[in-house]
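*Asks:* Below are the sequence and a predicted model for it; my questions follow.
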Amino acid sequence: MLLGILLGTSAPAAEPSPWLEIHSTHYTVITDAGEKKGREVALRFEQMRAVFAALLMKERLNEPLPLTILAFKSDKNYYQSAPMRQGQPIGAPGFFLSGEDQNFVVLNLFEEEPWRAVSHDFAQMLLNYNYPPVQGWFDEGLAEYFSSIRIDDKRVEIGSDPELSSPFTEDLLQNQHEAQNPAKSFTELLGGQVWLALPDLLTMKHDTSTYTAGTRHTLFYAQSWMMVHYLLHEKKLPETGSYFDLVENQHVAVEAAIQKAYGVTPAQLDEAVKNYFHSLTPLFTALDASKQPGFQQNAPQVYQFPAPVGPNDSAITSKAMPEIDARAIAAGVKTRIPDRREAGLQELQALATQPDPAAAKASSKENKKDTQNDAPLVAATGNEIAHRALAWDHIQRNEFDAALEELGDAAALNQRDMWIRYDLSVLKYRMSQVKKTDIQGLPNMMQDLRAVLEWYPEMAGAYDLLAIARMEGGGPVAAMQAERAAMQLSPRNPHYVYHLAEIYESDKKWEAARALLERLEANGNAQVAAEARERLTQLSTEQKYGVSAATAASAKKPSGQKSPFDVLEEDAAKRAAEPGTQSTTADKRPAKFLQGRLVGVDCSQSPAAILSVASGGVVLKLRTANYKSLMLIGADTFSCTWNDRSVSVNYKPGGLSDGDLLSVEVR
């Protein structure tokens, strides 16, 4: 009886976390709405992704940033996280947050089909990663077309007017009231007699940076939507690609490009689009229905077809997530929304200082296994995700010491989190940029980035940072390879193009650098355009003297000190004034990159060393005058006992089978 009393009065077991972490092929869903709802969210995004791929006629899509979907089951939690507009949370049941490191979607699962609220931004994201930069009408037209999507387990519907809504509103007593001067739908706008001339539409500039709800109700967006509607239905996307090549790359006039790509005059193409619009009976049927009270947007759309992905076609797994981790993720999302940042920071700081015995116990085991990270390993408390989110916020504001401290705490709690290794690499690069210094811990940074790419092979930002690190390490060929990989995964990112221009400069490929910088001068990103213009003004001097801007920047000169270019000018003038003076011939041998097998090291002439590297049946003898000063990647110190190791080397060739080493990467 005593045992029964003791058992009956024991402390109750902790409540299980309501949060789940659900993984599909391409996305992660964090939700407190239960497994069924969470799986449905993951499936809908996989389906939308597959539909978008079909529209672009692509078998494979790039997603160079991970996308996490935070799905709340209640209105309350959602509206505490939603962006503000005129002092109130937005009314849409979902929103999209883009980031430099990752993207987020936040949904209110209390509403029906909340994913439709982010379909426009979802399409823009996929378009940015999978189509070259083109004229604005195509981007906006395709995103508007896609935003009409309705989807269930078996069927897809698409093609309706995405801006059609009822002019009636309902008050708290469920009385219907007609709005004054409601915004016109696309169908109404195009039903008028006046359309923009086709060449004007195709060349019109548009600025989405100041977009707010309602500004899409214009003839530009309506015509762009219908133009893409027509091109997709008539299967003219290949011709559209030819048109963009003519206009963007060959600089052909719009009228001539239309004739050459589509085989018709602009007037004929314009007439074909108008006739196609007037043939779409479902649009006009829906418009008439919207004028009646109680209108519901559930009528059949213009096109219906089977869902390309069903519940049984997509591999979806789920596991429980600690509630503290979910709260940290939600708070981290808030810090990325200006109006919510302070509240998010307060929540993260509380979570970062709250003891978490389970995490501390797990971290002590992990840290014994892995000590490669540069972050200091300290006894840390709190939640690892909260520390990492705080670190990212500090990095964005150039608060480097605070960021390093938070990453150190995060690493002490979980050494195996790849986000820590990526954030640490970003931190090292940002510090070098702001402080005008070399990147610190370059070999470990490269190791971290390779680990990140093994974890997420499409992460363009990791390739970009790896390219920058390789360029600083003296490997321009390997740097170009990494930067081109970043550009292939994210073809519209102007920063990657700028970094490739820097790599060309460092390798003295002046004309290639100039071509990229001239292209960036007209870029919509004002900061990148300004940097490109400034770099172009320096290029002639750099080409004349063979010193890149990166080399000049590495000379840390106090105020008033002559720049390297000033010194070069004066030195050249002195040499010209001295008769009989001969300049030293520079080493003009091109640097080469090689991957192979290190089969032996000869240190008999120490500190000189000769490395024997086998590749493709040939053994190269590569010499360094002082192995103590040789650039190493993947190793802290040089070893004369290395043997049978996979290596990558940058070198300047001598004869057919020898050369001088610039750097060695050991794996």
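*Replies:* Happy to help now that I have it. Small disclaimer: the values here were computed from a predicted structure and weren't measured.
*Asks:* Let me know whether residue 307 touches residue 155 as I believe.
*Replies:* Yes: here residue 307 lies in contact with residue 155, judged by Cβ atoms under 8 Å, at a distance of 5.9 Å. In this view, the C-beta of every residue, glycine as well, is placed from N, C-alpha and C.
*Asks:* Among the two, which residue is more densely surrounded?
*Replies:* Legend: neighbour count by other Cβ atoms under 10 Å for residue 307 and residue 155, higher for residue 307 (19 against 11).
*Asks:* For that one, grab phi and psi.
*Replies:* Reported as degrees, to the nearest 10, the phi and psi values for residue 307 are phi -60, psi 130.
*Asks:* And it, what's its pLDDT?
*Replies:* Turning to residue 307, the model gives it a pLDDT of 94.
*Asks:* Ok, the one 10 residues further on next?
*Replies:* If you check residue 317, the pLDDT there is 95.
*Asks:* Could you pull up the contacting residues of it?
*Replies:* 22, 23 (Cβ atoms under 8 Å, 6 or more residues apart in numbering).
*Asks:* For it, give the beta-bridge partners.
*Replies:* Listed by DSSP bridges, the beta-bridge partners for residue 317 are residue 23.
*Asks:* Residue 642 against residue 602, yeah?
*Replies:* No: shown here, residue 642 and residue 602 do not form a contact pair, counting by Cβ under 8 Å, at 11.1 Å.
*Asks:* which one of those two has more residues nearby?
*Replies:* Higher neighbour count among residue 642 and residue 602: residue 642, with 17 against 14, using other Cβ under 10 Å.
*Asks:* Helix, strand, or coil at that one?
*Replies:* Following DSSP: H, G, I helix; E, B strand; the rest coil, residue 642 is assigned to coil.
*Asks:* can you map out the strands along the stretch 51-200 of the chain?
*Replies:* Using DSSP state E, counting those that start in this stretch, the strands found in the stretch 51-200 of the chain span residues 67-72, 84-85, 88-89, 94-97, 103-108, 150-151, 155-158, 168-170, 176-178.
*Asks:* wait, I meant the stretch 351-500 of the chain
*Replies:* Going by DSSP E, counting those that start in this stretch, the stretch 351-500 of the chain shows no strands.
*Asks:* Give me the neighbour count for residue 188.
*Replies:* When neighbours are defined as other Cβ under 10 Å, residue 188 has 17 of them.
*Asks:* again but with residue 512, I slipped
*Replies:* The burial count for residue 512: 16, using other Cβ under 10 Å.
*Asks:* again, but for residue 246
*Replies:* 19.
*Asks:* which residues touch it?
*Replies:* So residue 246 contacts 252, 256, 257, 260, 261 (Cβ under 8 Å, 6+ apart).
*Asks:* In strands, which of those fall?
*Replies:* Assigned to strands by DSSP state E, none of the contacts of residue 246 qualify.
*Asks:* ok, of those, which come out buried?
*Replies:* 252, 257, 261 (16 or more other Cβ atoms under 10 Å).
*Asks:* got the CA coordinates for stretch 596-616 in CSV?
*Replies:* Output in CSV follows, covering the C-alpha atoms of stretch 596-616 (Å, rounded to 0.1, in the frame of the first residue of the first chain):
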residue,chain,number,x,y,z
GLY,A,596,46.4,13.3,-58.3
ARG,A,597,48.1,11.0,-55.9
LEU,A,598,51.1,12.0,-53.8
VAL,A,599,53.5,9.1,-54.1
GLY,A,600,56.5,10.5,-52.3
VAL,A,601,58.3,13.5,-50.8
ASP,A,602,62.0,14.2,-51.1
CYS,A,603,63.3,16.5,-48.3
SER,A,604,67.0,15.7,-48.8
GLN,A,605,67.7,19.4,-49.6
SER,A,606,65.7,20.8,-46.7
PRO,A,607,64.1,23.3,-46.4
ALA,A,608,63.5,22.6,-50.2
ALA,A,609,61.3,19.7,-51.0
ILE,A,610,60.2,17.8,-54.2
LEU,A,611,56.8,16.2,-54.3
SER,A,612,56.1,13.4,-56.7
VAL,A,613,52.5,13.6,-57.9
ALA,A,614,51.0,10.9,-60.1
SER,A,615,48.1,11.7,-62.4
GLY,A,616,46.9,10.0,-65.6
